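**Q** sharing a sequence plus its predicted fold:
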Protein chains: 2
Amino acid sequence: MDRETKQTRMQAFEAQCRSQSVRLTFQRRVILEAALDLDNHPTADRVFETVAKRTPGVSRTTVYRTLETLVRMGVITKTPHPSSVVRYDPRVETHHHLICQRCDDVIDISDARLDALPVPDTSDLGFEVLDVRVQLRGICRRCRERKEERS
Amino acid sequence: MDRETKQTRMQAFEAQCRSQSVRLTFQRRVILEAALDLDNHPTADRVFETVAKRTPGVSRTTVYRTLETLVRMGVITKTPHPSSVVRYDPRVETHHHLICQRCDDVIDISDARLDALPVPDTSDLGFEVLDVRVQLRGICRRCRERKEERS
DNA sequence: TTAAGTGCAAAAGCTTTGCGGGTAG
DNA sequence: CTACCCGCAAAGCTTTTGCACTTAA
């Protein structure tokens, strides 16, 4: 994420902490900074490693707890992923995913046409739709090349 | 899943086992049957419980291993889910999801208009798209009712 | 000052692995 | 017959919890 966007996001977070009386601690700032720097849907552990490199002493537990706090605040999100590890996503704006069926890798893409999809009516289910995202499921380049090798 | 569809699926599985020389064991049949009977993206553990009720003696390990085998064969899929537990899905045809941002619940929906979405061009990324699915992210009925209570 | 947050250690899930015995083809 | 599969027990990861100490407001 570019420096300017990141700075804006950090300021928004700080403002939100003040307005919601969530304590603005050193750890929370560092953890959010690390999350904003990681693309590709980092796990809590990857965020922990990044934080640990920059400022040793922050505990793994705090990283786990803080990421959940940030999700509840709406500052980051959890992203659906086929795997037994929670994935976080610092991108909060609408975007879409390529999902490899073979290696479970998830790649971000942007596509204006997909952003403009009409929202189907789900009022009969009582579900309030806030955001529409598309998954393109298939086989990624690496897996395709590997498959061709074998044949 | 209705009896007829299930029977067709079981027969297709058996045929695939023969053609790919995958051993057709008692356990594999029972585990696939249980998975086909479970909606709502069962975890391996839920499949295990269902199998255990019907035919005690099948081990949890075998359920974990077999579900992975079925995924590799393309008989079932893993479905992306925001949580630290793998979710399987017996539905292999295109369908879409409502994802609740508050409780992480994932609800299946069918929508012909969404099925017909144009496939964006991903050839520059070397990604081969096989299927397009949509996530409608928002708040489910139960969480909305709970929120209103609080206010 | 004090309620909220943190670190540590330990517990609690979920999933995988190694291995001896069993079985489908 | 024999390569593949199963069950068991144990290990390996990821995530959560309880509690005493620290700190932002």
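**A** Nice, thanks for sending it over. Residues are numbered from 1 along each chain as shown, chains lettered A, B, ... in the order given.
**Q** so residue A:136 bridges to which residues?
**A** Partner residues in beta bridges with residue A:136, using DSSP bridges, are residue A:98, residue B:132.
**Q** now do the longest helix along chain A, average pLDDT.
**A** In terms of residue count, the longest helix belonging to chain A (DSSP state H) is helix A:3-19. For helix A:3-19, mean pLDDT is 97.
**Q** what's near enough to touch the most centrally placed residue in chain A?
**A** Central residue check for chain A by CA atoms, centre = their mean: the C-alpha nearest the mean position is that of residue A:89, 0.4 Å away. Contact analysis of residue A:89 by CB atoms under 8 Å, 6 or more residues apart in numbering or on different chains lists A:41, A:76-79. C-beta coordinates here come from the backbone N, C-alpha and C atoms, glycine included.
**Q** quick check: residues of chain A near DNA strand D?
**A** Within reach of DNA strand D by CB under 7 Å from any atom of the strand, chain A has these residues: A:17-18, A:21, A:23-26, A:43-45, A:60-61, A:64-65, A:68, A:84-86.
**Q** buried subset of the residues you listed, written for ChimeraX?
**A** With 16 or more other CB atoms under 10 Å in any protein chain shown as the criterion, this ChimeraX line picks the buried residues out of the residues of chain A next to DNA strand D:
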select /A:17,43,44,64,86
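**Q** how far off centre is stretch A:39-46?
**A** Distance of stretch A:39-46 from the chain centroid (CA atoms, centre = their mean, to the nearest Å) equals 8 Å.
**Q** after the longest helix of chain A, next one along is what?
**A** Next along the chain after helix A:3-19, taking DSSP states H and E as the criterion, comes helix A:26-37.
**Q** that next one close to DNA strand C?
**A** Yes: Helix A:26-37 lies within reach of DNA strand C by CB under 7 Å from any atom of the strand, at A:27-28.
**Q** pLDDT score for the closest residue to residue A:18 other than its chain neighbours?
**A** In this structure, residue A:18 finds its nearest non-sequential neighbour in residue A:24, 7.2 Å apart by CB to CB, 6 or more residues apart in numbering or on different chains. pLDDT for residue A:24: 98.
**Q** residue A:149 now?
**A** 61.
**Q** how about the contacts made by the closest residue to DNA strand C within chain A?
**A** Closest residue of chain A to DNA strand C, CB to the nearest atom of the strand: residue A:62 (3.0 Å). Neighbouring residues of residue A:62 by CB under 8 Å, 6+ apart: A:27, A:31.
**Q** residue ranges with poor pLDDT in chain A?
**A** A:147-151 (pLDDT under 70).
**Q** show me what from it comes close to DNA strand C.
**A** Contact residues, chain A versus DNA strand C (CB under 7 Å from any atom of the strand): A:22-23, A:25, A:27-28, A:57-59, A:61-62, A:65-66, A:69, A:84.
**Q** any chance of those residues in CSV, with distance to residue B:106 too?
**A** Converted to CSV, the residues of chain A next to DNA strand C look like this (distance: CB to CB, whole Å):
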residue, distance to residue B:106
A:22, 28
A:23, 33
A:25, 33
A:27, 31
A:28, 29
A:57, 38
A:58, 32
A:59, 31
A:61, 28
A:62, 29
A:65, 24
A:66, 25
A:69, 23
A:84, 16
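**Q** of all those residues, which comes closest to residue B:99?
**A** Set against residue B:99, the nearest of the residues of chain A next to DNA strand C by CB to CB is residue A:84 (18.1 Å).
**Q** if I pick the residue lying closest to that closest one once chain neighbours are set aside, what's in contact with it?
**A** Using CB to CB, 6+ apart and skipping the chain neighbours, the partner closest in space to residue A:84 is residue B:86 (4.9 Å). Contacts for residue B:86 were tallied using CB under 8 Å, 6+ apart; they are A:82-84, B:43-44, B:78.
**Q** burial count for residue A:115?
**A** Per other CB atoms under 10 Å in any protein chain shown, the neighbour tally for residue A:115 reads 14.
**Q** distance of it from residue B:39?
**A** 31 Å (CB to CB, to the nearest Å).
**Q** can you check residue A:80 too?
**A** From residue A:80 to residue B:39 the distance is 18 Å (CB to CB).
**Q** of these two, which one has the most company?
**A** residue A:80 (25 against 12).
**Q** give the contact list for the more buried one.
**A** Counted by CB under 8 Å, 6+ apart, residue A:80 has contacts B:80-82, B:99, B:106, B:135.
**Q** list phi and psi for residue A:81.
**A** phi -150, psi 140 (degrees, to the nearest 10).
**Q** just give the number of residues close to residue A:34.
**A** For residue A:34, using other CB under 10 Å, the count is 24.
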